[in-house]
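**Student:** can you look at this prediction? I've put the sequence above it.
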Amino acid sequence: MFDVSAAPRRLESYLSGRWSAGDGEGKPLADAATGETVAYIGAEGLDRGAALQWGREVGGPALRRLTIHERALMLKEIGLKLMERKEDFYQENFRTGATRRDGFVDIDGGIGTLLTFASRARREWPNAHVLPEGPVEMLSKDGSFVARHILSPLEGVAIHINAFNFPVWGMLEKIAPALIAGVPCLVKPGSQTAFLTESVVRAILDMEILPDGALQLLCGSAGDLLDHVMPQDAVTFTGSAGTGRKLRTHPAIVENSVRFTMEADSLNAAILGPDAGPDSEEFALFVREVSNEMTAKAGQKCTAIRRVIVPAALEDAVIDALKERLGKTQPGLPDADGARMGALVSLGERDAVRAQVERLRAEAEIVFGDPGEVRVASGDPQKGAFLGPILLRCASPMEAVAVHEVEAFGPVATILPYEDVEGAIQLARKGRGSLVSSLFTNDADVARDVTLGMAPWHGRVLVGNRGSAKTSTGHGSPLAPLIHGGPGRAGGGEEMGGMRGVKHFMQRTAVQGTPEMIAAITGEWVSGAPSRADVHPFRKSLAELEIGDQVLTDAREVTQGDVEHFAEFTGDTFYAHMDSDAAKANPFFDDRVAHGYLIASFAAGLFVSPEPGPVLANYGVDNLRFMTPVYFGDTLRVRLTCKAINPRENAEHGEVRWDCLVTNQDGETVAEYDVLTMVAKTWPMPEE
Ligand code: NDP
């Protein structure tokens, strides 16, 4: 499909159900490394308002008809199929100036993020349309009025306005959480690298896995797109702070209180701990990390290290070590064998980086590299946007302004010396909000002081030392389970962070009512809601089981013999079970008490229905609490109620959560917890 030597293609947008190029020839997009025209881009005359309406009216309802797990399974299938096609994307990746290693972060990283969301959604969330969140809140003494929070999908479109630097990851990490939430997406990639995004979107749509309207693409200017946003839409933006500010205050965004998530210029830092002398492992790790972050993606990463904060006494040693490493890294054609560093995305961006370096030079001197003269390992520095690494040094970083404000979006970093740990923290905070900073130290006190000092100003902090030298994922890699975003200058947004990221595309609603109403609305049984105790619920398959199905057990006395037998048998001879005087001296007990785990074991003995049947396995308990001590002679009873049923999409079983309440002869709650089981969808189960 991708013949990179073919004539430049006219990029198309996919809006309102069809591919269309829009009017005119479009603007040429150059190969970052050779200057050859790759494609033409433009979206003149395309109806952006109609596209948003199509997403809301067609895509949204279709996605919302599916359960969370069904949506996640679609993403899994898409991710696996994209993996099969990834070599095609790598070929186009070179044309953005990125090496194969850079492409790994964008392409494999993007697909991996999609797959991570697909898997976590099925593991962590119910196979449902609505997500109950948090505990049931008791709002009345008699339990007749309760509340629960629920999350439901926004009914608008998630508009993702992305930067040029991660044409694949930048799109996939944003559409994955939105689609799992049940919200259709319209992606507007950064124009300069939109040809790669277009190829991936084309591949996704060709799979015909997503319902109509779930994914749209706008290749070209955003035009009047934001004039058409409505209250249920959400906008995410990655790019420059200037554009972000303009969009965040767009009248339609303000008027409709549209959720706006922004990730912009961030002056990330790396700090070398005062303990990390030139011979330490941490020193070597630090130098490697700084040099990698300067050269990966030619420094065009939102997380790249811009400020290199080092003890004043180690400044010269760090500069020497960095010079040696950077001296081995020359930019060149990204597809050349062994290419270590590719090109900036365009000649225009190179001009912009040079201008930013000039601004930095007002406060800092260049100690390595030359913004004017470019030496290349391969390629033509006139035609390709090559620029070698540039290291600056600022002698008075506490007084300086530009080094904490100017994001030279290329292979550029500035050394900032500090006198003491407090000074290092202050320098990091002068970035006024960053996506990530890292600290290299083997001293746990330094790690704590610096991390806690930086945390309010950072979305992520990485502490590197010899213990994680081989396993660390590195300063610059945002990871799907961790949040990505930062306060202040970094935009004030937050993305990913595991399933937290999905909630950004959902509305949280507090629902109040009787337990019966809350159970019906959330699909989860709540104490006080109707229940029935006919057939033992362990005899019911998922086809027959309903929330509220219950078993009320006989009573069982707990004797001294039981407790002593359990103590001997398990080896748990803790004094509170064995020694009356010692137990009485304990402020919580009047005498010897039964083991908590004996209570849980007796409870299982009381509620279980032992013959083979649809309950296949017990895989744990949640929220186990022992509330009232059990003394010799007390009697226990169990009420076990089916609380939540979660059928697996692609299996013959599902998970059932049971509310387990253990009470004593006085009706006091002795223990409370959720029992987690696997239950067959039908019984007997179909033969393999
Ligand atoms: P921009 O802010 O110019 O563009 C980001 C996105 O916004 C692109 O998709 C762009 O589209 C779009 N856009 C631009 N103007 C508008 C508008 N008026 N309405 C709607 N959408 C708009 O950033 P660039 O990607 O061009 O990068 C410029 C600089 O931003 C970099 O040099 C770097 O300093 C910084 N940057 C910071 C990042 C970070 O996360 N820290 C990431 C990337 C860039 P189009 O491409 O069509 O103009």
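**Tutor:** Alright, I've got the coordinates. Numbering: from 1, shown residues only.
**Student:** pull up the gap between the residue nearest the centre of the chain and K81, please.
**Tutor:** By Cα atoms, centre = their mean, the chain has its centre lying nearest to M496, at 2.3 Å. To K81, M496 is 22 Å away according to Cβ to Cβ, to the nearest Å. Quick note: C-beta positions are derived from backbone N, CA and C, even for glycine.
**Student:** per-residue pLDDT, whatever residue of the stretch 401-550 of the chain ends up closest to the ligand?
**Tutor:** Per Cβ to the nearest ligand atom, F409 is where the stretch 401-550 of the chain lies closest to the ligand, at 3.5 Å. Per-residue pLDDT puts F409 at 96.
**Student:** point out the residues in this protein that sit beside the ligand.
**Tutor:** Within the chain, the positions lying close to the ligand (Cβ under 6 Å from any ligand atom) are 161-165, 188, 190-191, 221-222, 238-240, 243, 246-247, 263-266, 302, 349, 352, 407, 409.
**Student:** now intersect those residues with the helices, please.
**Tutor:** Judged by DSSP state H, the subset of the residues of the chain next to the ligand located in helices is 243, 246-247, 349, 352.
**Student:** just the buried residues from these, in PyMOL please.
**Tutor:** Restricted to buried positions by 16 or more other Cβ atoms under 10 Å, the PyMOL selection for these reads:
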select buried, resi 243+247+349+352
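**Student:** could you dump the ones in helices among the residues of the chain next to the ligand to CSV with pLDDT and distance to T34?
**Tutor:** Shown next, in CSV, are these (pLDDT from 0 to 100; distance: Cβ to Cβ, whole Å):
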residue, pLDDT, distance to T34
T243, 95, 28
K246, 96, 33
L247, 97, 33
E349, 96, 16
A352, 97, 20
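**Student:** can you add distance to A321 and give the ones in helices among the residues of the chain next to the ligand back as JSON lines?
**Tutor:** Below are these laid out as JSON lines (distance: Cβ to Cβ, whole Å):
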{"residue": "T243", "distance to A321": "37"}
{"residue": "K246", "distance to A321": "41"}
{"residue": "L247", "distance to A321": "41"}
{"residue": "E349", "distance to A321": "28"}
{"residue": "A352", "distance to A321": "29"}
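**Student:** what's the closest of the ones in helices among the residues of the chain next to the ligand to G571?
**Tutor:** Taking Cβ to Cβ as the measure, G571 lies nearest L247 of those, at 64.2 Å.
**Student:** name all residues that make contact with the closest residue to P629 other than its chain neighbours.
**Tutor:** Once flanking residues are discounted, P629 sits nearest to V593: 4.4 Å by Cβ to Cβ, 6 or more residues apart in numbering. Shown in contact with V593 (Cβ atoms under 8 Å, 6 or more residues apart in numbering): 576-577, 583, 629-631.
**Student:** re earlier: pretty sure the residue of the stretch 401-550 of the chain closest to the ligand contacts V357?
**Tutor:** No - if you go by Cβ atoms under 8 Å, F409 and V357 don't touch, sitting 10.9 Å apart.
**Student:** these two: who's more crowded?
**Tutor:** Just comparing F409 and V357: by other Cβ atoms under 10 Å the higher neighbour count belongs to F409, 25 against 22.
**Student:** list the contacts for the more buried one?
**Tutor:** 165, 299-300, 349, 352-353, 356.
**Student:** one more pass at 10 Å, please.
**Tutor:** Listed by Cβ atoms under 10 Å, 6 or more residues apart in numbering, the contact set of F409 reads 163-165, 240, 265, 297-302, 304, 306, 344-345, 349, 352-353, 356.
**Student:** after whichever strand or helix holds L63 comes which helix or strand?
**Tutor:** Taking DSSP states H and E as the definition, one finds L63 inside helix 60-65. Following helix 60-65 in sequence order, the next helix or strand is helix 68-84 (DSSP H and E).
**Student:** skip ahead from that following helix and say which helix or strand is next.
**Tutor:** helix 86-94.
**Student:** contacting residues around that next one?
**Tutor:** Contacts for helix 86-94 (Cβ under 10 Å, 6+ apart): 1-5, 31-34, 38-39, 82, 98-100, 102-104, 106-108, 110-111, 167-168, 193, 195-200, 203, 333-336, 339, 342-343.
**Student:** please repeat the previous calculation with a cut-off of 7 Å.
**Tutor:** Residues outside helix 86-94 that contact it (Cβ atoms under 7 Å, 6 or more residues apart in numbering) are 1-2, 4, 100, 103, 106-108, 111, 168, 195-196, 199-200, 334-335.
**Student:** before we move on, the earlier item: who are the neighbours in contact with the residue nearest to the residue nearest to the centre of the chain when sequence neighbours are not counted?
**Tutor:** Leaving aside its sequence neighbours, M496 sits nearest to H484 (Cβ to Cβ, 6+ apart; 4.8 Å). Contact partners of H484, counting by Cβ under 7 Å, 6+ apart, are 435, 459, 478, 495-496.
**Student:** next one: K76
**Tutor:** 115, 118.
**Student:** all strands for the stretch 201-350 of the chain, in order.
**Tutor:** 215-217, 234-238, 259-263, 269-272, 307-311 (DSSP state E, counting those that start in this stretch).
**Student:** who does the residue nearest to the centre of the chain bridge with?
**Tutor:** Going by DSSP bridges, M496 is paired in beta bridges with I483.
**Student:** contacting residues for it?
**Tutor:** 173, 478, 480, 482-484.
**Student:** show me where this structure dips below the pLDDT cut-off.
**Tutor:** Along the chain, the model assigns pLDDT under 70 to residues 1-5, 688.
**Student:** and the residue of the stretch 151-300 of the chain found nearest the ligand, backbone torsions?
**Tutor:** Per Cβ to the nearest ligand atom, G239 is where the stretch 151-300 of the chain lies closest to the ligand, at 2.5 Å. The phi and psi values for G239, taken as degrees, to the nearest 10, are phi 160, psi -150.
**Student:** which residue sits closest to it, ignoring its sequence neighbours?
**Tutor:** A163 (4.6 Å).
**Student:** can you map out the helices along the stretch 251-400 of the chain?
**Tutor:** All helices of the stretch 251-400 of the chain, identified by DSSP state H, counting those that start in this stretch, fall at 251-255, 281-295, 315-326, 347-361.
**Student:** quick check: the residue of the stretch 401-550 of the chain closest to the ligand vs R120, distance?
**Tutor:** Distance from F409 to R120, by Cβ to Cβ: 32 Å.
**Student:** G299 contacts E407, doesn't it?
**Tutor:** No - applying Cβ atoms under 7 Å as the test, G299 and E407 come out as separate, 10.2 Å apart.
**Student:** tell me which of these two has more neighbours.
**Tutor:** Per other Cβ under 10 Å, whichever of G299 and E407 has more neighbours is G299, with 24 against 20.
**Student:** got a list of what that one touches?
**Tutor:** 410-412.
**Student:** now neighbour count too, for these, in JSON lines please.
**Tutor:** Listed next are the contacts of G299 as JSON lines, based on neighbours: other Cβ atoms under 10 Å:
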{"residue": "G410", "neighbour count": "26"}
{"residue": "P411", "neighbour count": "28"}
{"residue": "V412", "neighbour count": "26"}
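**Student:** partners of F440 in the sheet?
**Tutor:** In beta-bridge terms (that is, DSSP bridges), F440 pairs with L272, G464.
**Student:** burial count for it?
**Tutor:** 30.
**Student:** which residues are in contact with it?
**Tutor:** Contacts of F440 (Cβ under 7 Å, 6+ apart): 272-273, 276, 282, 285-286, 464-465.
**Student:** what segments of the stretch 451-600 of the chain are strands?
**Tutor:** For the stretch 451-600 of the chain, the strands defined by DSSP E, counting those that start in this stretch cover 458-464, 483-484, 495-496, 506-513, 550-552, 556-557.
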